[in-house]
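In: The amino acid sequence is not available; the structure is as follows:
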């Protein structure tokens, strides 16, 4: 795997002005960078984030500066296929899980930090992963409801611990902006915004059944679980309209 990683360069394509990188092996590429101690910011791009970036220059800048932008959302995948690109969806949660399993093989040389979610969720998620992957080294966890006065301590903790994998579950766009602002604290780390993955790993919520995921309907299951998201889901038809107009 590592040989391919060292030679394969991601192809970059544009989705409504934002970059998307296409690779045959996303986990392998990131694992190669981990071994080479090259820092990475990974963005899991979907239609909602794309629309937000049109109105949020800081978010657009963070996405454009990221080393790896993966096609996480169904809208992004279908857009690229419509443009004639051979692309498979790469769900961010599955990419993160692949990296966690590899981190378990590396043990203490690849400590992991979880930041985000409601109080107790990140800790429960981390404990669950330690049970599944016994060699996994958890550097620390921190819920996402800290006050501005508590943030300096979190920054100092990251600076002292220097974890190699940092998962940030603060939701879009907050997690992308937070990573872009603070990644200098751990320059050799791989930083990934993982949205609500901590809730799923902690058993608070569940992923959509495979048949929904395979048919690009995972967003519908999320709406079923979180009906308050309906306003945010309006980004989907808006994304489709933007794509049509751009075409």
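Out: Happy to help now that I have it. All values reported here derive from a predicted model rather than from experimental measurement.

In: And the top helix by length along the chain, what does it pack against?
Out: Identified as the longest helix of the chain according to DSSP state H is helix 92-106. Packing partners of helix 92-106 (3 or more CB pairs under 8 Å, 6 or more residues apart in numbering; DSSP states H and E): helix 26-35, strand 40-45, strand 165-169, strand 190-193, helix 197-201. For glycine as for every other residue, the C-beta is placed from the backbone atoms N, C-alpha and C.

In: now, of these, which is deepest in the fold?
Out: By mean neighbour count, with neighbours taken as mean count of other CB atoms under 10 Å, strand 190-193 ranks first of the helices and strands packed on helix 92-106 at a mean of 28.

In: Pull up the pairing partners for that strand, direction included.
Out: strand 40-45 (parallel), strand 165-169 (parallel) (DSSP bridges).

In: Can you lay out those as JSON lines showing mean pLDDT and distance to residue 56?
Out: Compiled in JSON lines, those are given as follows (pLDDT from 0 to 100; distance: least, CB to CB, whole Å):
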{"stretch": "strand 40-45", "mean pLDDT": "98", "distance to residue 56": "13"}
{"stretch": "strand 165-169", "mean pLDDT": "98", "distance to residue 56": "17"}
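
In: ok, now how distant is the closest residue to residue 39 other than its chain neighbours from residue 42?
Out: Excluding the flanking residues, the one nearest residue 39 by CB to CB, 6 or more residues apart in numbering is residue 187, at 4.8 Å. Separation of residue 187 from residue 42 (CB to CB, to the nearest Å): 15 Å.

In: What of residue 27?
Out: For residue 27, the distance to residue 42 - CB to CB - is 11 Å.

In: got a list of contacts for the longest helix of the chain?
Out: 26-27, 30-31, 34, 42, 44, 70, 72, 110-112, 129, 133-137, 164-165, 167, 190, 192-195, 197, 200, 207 (CB atoms under 8 Å, 6 or more residues apart in numbering).

In: same check, this time on stretch 13-30
Out: Residues contacting stretch 13-30 (CB under 8 Å, 6+ apart): 1-2, 4-5, 8, 10-12, 40, 42, 45, 50, 53-54, 60, 63-64, 66, 68-71, 76, 79-80, 83, 85, 87, 90, 95, 98-99, 102, 190, 239, 242-243, 246.

In: Kindly report the same for stretch 198-213.
Out: So stretch 198-213 is in contact with 91, 93, 114, 116-118, 120-122, 124-125, 128-129, 167, 169, 196, 217-218, 220-222, 225, going by CB under 8 Å, 6+ apart.

In: In helices, which of those fall?
Out: Using DSSP H, those in helices are 93, 121-122, 124-125, 128-129, 218, 220-222, 225.

In: Of all the helices and strands packed on helix 92-106, which one is nearest residue 175?
Out: Closest to residue 175 of these is strand 190-193 (CB to CB; 3.7 Å).

In: and the closest one, average pLDDT?
Out: Mean per-residue pLDDT for strand 190-193: 98.

In: Measure how far it is from the centre of its chain, please.
Out: Centroid separation between strand 190-193 and its chain, computed with CA atoms, centre = their mean, to the nearest Å, is 6 Å.

In: rewinding a little: out of the ones in helices among the contacts of stretch 198-213, give me the two with the largest separation.
Out: Most distant of those, by CB to CB, are 129 and 220, 27.6 Å apart.

In: give me the number of residues near residue 210?
Out: 9 (other CB atoms under 10 Å).

In: distance of it from residue 46?
Out: In terms of CB to CB, residue 210 sits 19 Å off from residue 46.

In: likewise residue 206?
Out: In this structure, residue 206 and residue 46 are 19 Å apart, going by CB to CB.

In: Between these two, which is the more surrounded one?
Out: More crowded of residue 206 and residue 46, by other CB under 10 Å: residue 46, with 28 against 10.
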